Structures are given as C-alpha cells and as structure tokens.
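# got a predicted structure here, sequence first:
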Protein chains: 2
Amino acid sequence: MKNTQENERISADIIPLERAALDRWGKGDITAFTDISAEEVTYFDTDTERRVDGLEALKQLYLPRAGKIKIERYDMLNPRVQAHGNTAVLTFNLIDHIPTSEGLIEEQWNATEVYCRFNGQWKIIHTHWSHMRSTS
Amino acid sequence: MKNTQENERISADIIPLERAALDRWGKGDITAFTDISAEEVTYFDTDTERRVDGLEALKQLYLPRAGKIKIERYDMLNPRVQAHGNTAVLTFNLIDHIPTSEGLIEEQWNATEVYCRFNGQWKIIHTHWSHMRSTS
C-alpha cells in the first residue's frame, strides 16, 4: 500500500475482471469465475462444509448450479484492493438482487478475492464468500 | 506455489503465529490478532455489517468482547499456505470448543488470513471469518 499509484493501477486491472465475472455469473455462466481462477485456487462459501481445494474441485462444486443462477443486478459496495508485488487482495460487499415470484429479493455478501499475477495475467488464488450480518 | 520448499518455510513461520494468536484469543485476549495485524488490515466476520477497514477500527470492533471470550480448545483443520513473494494466504477450518452450562458446544469456522511480510515481519493484512455450513 506504500505505492498508491501502483495500487490504483492494479485496482483498475482487477475490479473490471471481477465485475465481468459477476456479470457472467449473474446470467447463469458457472464458468465465469473458474475461467479466471488458478489451478491452486482455494475456496470457501456458505455451501461448503470444508475448504474446497483446486480448480477441478471448484468446477465440480459449481456444476449443480448450472441453469439455476439468476441475478437481476448487483451492487458492488466499496471495492478495495491491497496490492503487494504480484498479489492483490480485493474485498467488497455485494448486494445481489434476485428475481422471485414475489419480486426482487436481496442477498448480502462479504467477498474476499485474492488475485495473483502469473506471466502478466491476474488469476484468483483464493475466494471467500459469506453472508453479511443481517441488519433487519 | 512453484517453489514448494519456500512455501513450506513460510508455512512454518505463519502457522505458529496464527496458533499463538488463537491461543491468546481463546483465553480472552482481544489484542491477540490486532497485535499481529498491519495498519491497512481489512476485516470481515459474522458480526460485521460491512467490511471493517484499518487497525484502529478493528480494535474498536473487538473492544466490547473483552472478558467475554472463553474457548476451551480448538482444532485447526488442514491449514494451507499459498505463498507468493512477500504475501501468503493462510486458510483453514476451525472448530472451537466453548464451555457452557450444558457442556462444550462447537462453533465451526471458515478462516482466511492474508499475511504480508514487512521488513521481515509477517503481519495480517486481511481476515475473513465465516461459519461453515452446518452438516446437522
């Protein structure tokens, strides 16, 4: 974080990558995130009993969700990048707006994405999704 | 992850640091983690409504927990370190055993700790705690 300009440059690379994956995911594309994840990726979310290790295991985890994801729109709140060398930690809160028969409902997330630059290309090496504390 | 020896050396530095903090925390020491966190630390847990930014904000978050933490023992499951340069992502599942009037209860966690080496000293720059999916 010492080099603010470098941090901003890396933010300008990574945040659009993440948004592009969120856009694809919201339309039901279950390869949106695995396409930009490294072989070594480790993964936690609210559906996992244990950490998921490796790209192949993550693809298998997503497989049953094919055709089941529909996110009308999302708000990425306050994204922040902490870049150190070829590693960058992207964190944000995410509000998903999900269409249901009773109208749009909200899902609120804490998101951690650790990116690493391999041969000039940023890939996710760790993902952690959890629900924000409900304020209602 | 290309350099397995380097990854193992860094694991041998970081995992004991994390265990020492967990040991202190379990005895009620709310400075256990802030003592090894960097000024820039970002933080999510199940009690946060939004990401917590910065060491001072994290200290404030922990303040109300003083004297209220009692963890009899914990199991750190399958810790893994992904080291890249001076950054290392430590992930594990944690089972806390908490004494209550009805005996020990378990709390199950997904844990992400991103460490960064500053002048030879490892500090946490990002933490994310969430509950594992209940299997019961």
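Arrived safely.
# contacts, neighbours, all on C-alpha from now
Noted.
# what mean pLDDT does stretch A:94-101 get?
The average pLDDT for stretch A:94-101 rounds to 95.
# which parts of chain A sit against chain B?
Counting by C-alpha under 8 Å from any C-alpha of the partner chain, the residues of chain A close to chain B are A:1, A:40, A:44, A:46-51, A:84-87, A:89, A:91-93, A:110, A:112, A:116, A:126, A:128, A:130-135.
# show the buried residues in those.
Listed as buried from these are A:40, A:44, A:46, A:48-51, A:84, A:86-87, A:89, A:91-93, A:110, A:112, A:116, A:126, A:128, A:130-133; burial here means 16 or more other C-alpha atoms under 10 Å in any protein chain shown.
# please list the members of these that lie in strands.
A:40, A:44, A:84, A:87, A:89, A:91-93, A:110, A:112, A:116, A:126, A:128, A:130-131 (DSSP state E).
# nearest to residue A:62, of the residues you listed?
Nearest to residue A:62, judged by C-alpha to C-alpha, of those is residue A:44 at 12.4 Å.
# so that closest one touches residue A:57, yeah?
No - counting by C-alpha atoms under 8 Å, residue A:44 sits too far from residue A:57 to count as a contact (11.8 Å).
# next one, pLDDT for residue A:132 please.
Reading off the model, residue A:132 has pLDDT 87.
# my guess is it contacts residue A:109, does it?
Yes - the pair residue A:132 / residue A:109 is scored as a contact, 5.1 Å apart, by C-alpha under 8 Å.
# need the residues touching each of the two.
Any residue near both residue A:132 and residue A:109 by C-alpha atoms under 8 Å, 6 or more residues apart in numbering or on different chains counts here, and that gives residue A:93.
# sec struct for residue A:13, please.
The three-state label given to residue A:13 by DSSP: H, G, I helix; E, B strand; the rest coil is helix.
# repeat that for residue A:22.
helix.
# now do the contacts for it.
By C-alpha under 8 Å, 6+ apart, the contact list for residue A:22 reads residue A:32.
# apply 6 Å and report the result again.
By C-alpha atoms under 6 Å, 6 or more residues apart in numbering or on different chains, residue A:22 lies in contact with nothing.
# quickly note the distance from it to chain B.
19 Å (C-alpha to the nearest C-alpha, to the nearest Å).
# now do residue A:81
Distance, residue A:81 to chain B, by C-alpha to the nearest C-alpha: 10 Å.
# average pLDDT for the one helix or strand that residue maps to?
Counting by DSSP states H and E, the element that carries residue A:81 is strand A:73-84. Strand A:73-84 carries an average pLDDT of 97.
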